[in-house]
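Colleague: Based on what follows, work out the 3D shape:
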Amino acid sequence: MRTTLTLDDEVVIGIKRIQKKRPGTPFKQIVNQLMKKGLAAEGEVVKAPFKIVTFDAVPKPGLNFDNVQALLSQVEGDSRKW
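Modeller: The predicted structure is shown next:
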């Protein structure tokens, strides 16, 4: 997400000091790391978004997913309990 923040001068100075200790690290990356640490200190958990991996699946011929009861009977047999 992009947004505009107004940072206090002392905050910018502190971030730039950290940036000097981490050559090649972008300003925005340092700001994000510091924000995550600040949130963690407040008890907020920062996690990467959960990603669901999907696969293309084709049901076996003869299985009808429109009728769940009939499908369960086909797959589990008549011995299954209701």
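
Colleague: what does stretch 69-79 contact?
Modeller: 62-65, 80 (CB atoms under 8 Å, 6 or more residues apart in numbering). (Glycine included, C-beta is placed from N, CA and C.)

Colleague: Helix or strand for the residue nearest the centre of the chain, just tell me which one.
Modeller: Residue closest to the mean C-alpha point of the chain, counted by CA atoms, centre = their mean, is residue 49 at 0.9 Å. Using DSSP states H and E, residue 49 maps to neither a helix nor a strand.

Colleague: Tell me which stretches of the chain form helices.
Modeller: With helices called from DSSP state H, the chain shows them at 9-21, 27-41, 68-76.

Colleague: Figure out which of these is closest to residue 2.
Modeller: Residue 2 sits nearest to helix 27-41 of all the helices of the chain, at 9.9 Å, using CB to CB.

Colleague: Report the buried residues of the closest one.
Modeller: For helix 27-41, the neighbour count (16 or more other CB atoms under 10 Å) marks 30-31 as buried.

Colleague: Same question for stretch 17-30.
Modeller: Neighbour counts using 16+ other CB under 10 Å place 19, 30 of stretch 17-30 among the buried residues.

Colleague: Only alpha carbons, please: show that stretch as CSV.
Modeller: The C-alpha trace of stretch 17-30 is given here as CSV (Å, rounded to 0.1, in the frame of the first residue of the first chain):
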residue,chain,number,x,y,z
ARG,A,17,21.4,6.7,11.0
ILE,A,18,20.1,3.2,10.7
GLN,A,19,20.4,3.4,6.9
LYS,A,20,24.1,4.3,7.2
LYS,A,21,24.6,1.1,9.2
ARG,A,22,22.9,-0.9,6.5
PRO,A,23,24.3,0.3,3.2
GLY,A,24,22.0,-0.6,0.3
THR,A,25,18.9,-1.0,2.4
PRO,A,26,16.1,1.2,1.1
PHE,A,27,14.6,3.9,3.4
LYS,A,28,11.1,2.3,3.0
GLN,A,29,12.4,-1.1,4.0
ILE,A,30,13.9,0.3,7.2
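
Colleague: Fine by me, we can end here.
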